[in-house]
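Peer 1: need coordinates for the following:
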Amino acid sequence: MFKPMMIVLCLSCPLLAQAEDPPRLPPPDSAAEAWLRVQASNQQASPKMQKQSATERELSLQRWLDSYKYPIPDVFRYQSMSTTGN
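Peer 2: Reported below is the predicted structural model:
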């Protein structure tokens, strides 16, 4: 009695191993991911072409150039790369 039951059990093991796992659902999107997807797909783009005036271009360029006047703080300087967490 024990031997035939053991044979049936051993023969059914490969069938259990071949059973497929249920499909995993992707995690729900966060609000940020939804906004990024809308941005990337260009779904909400304005049909009206937006242009900068000459004054706006000049001010933004000057603001960018002024950002180079200040030295980089020591806190942000590259010191060493370590994976030990020191």
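Peer 1: going along the chain, name the helices of this structure.
Peer 2: 2-17, 31-41, 54-66 (DSSP state H).
Peer 1: closest one to residue 75 among those?
Peer 2: helix 54-66 (20.9 Å; C-beta to C-beta). All C-beta spots, glycine's among them, are computed from the backbone N, C-alpha and C.
Peer 1: could you list the single helix or strand in this structure with the lowest mean pLDDT?
Peer 2: The helix or strand of the chain with the poorest confidence is helix 2-17; it has a mean of 71 (mean pLDDT, DSSP states H and E).
Peer 1: where does the chain dip in pLDDT?
Peer 2: Within the chain, the ranges that satisfy pLDDT under 70 run 1, 10, 12-19, 76-86.
Peer 1: check the gap between the residue nearest the centre of it and residue 67 for me.
Peer 2: Note on the chain: the residue nearest the mean C-alpha position is residue 33, at 8.3 Å, using C-alpha atoms, centre = their mean. The gap separating residue 33 from residue 67 is 30 Å, by C-beta to C-beta, to the nearest Å.
Peer 1: likewise for residue 31?
Peer 2: To residue 67, residue 31 is 31 Å away according to C-beta to C-beta.
Peer 1: and residue 35, by the same measure?
Peer 2: Counting by C-beta to C-beta - residue 35 and residue 67 are separated by 27 Å.
Peer 1: who's more crowded, those two?
Peer 2: Neighbours were counted for residue 35 and for residue 67 using other C-beta atoms under 10 Å; residue 35 has more, 12 against 8.
Peer 1: sweet, I'm off.
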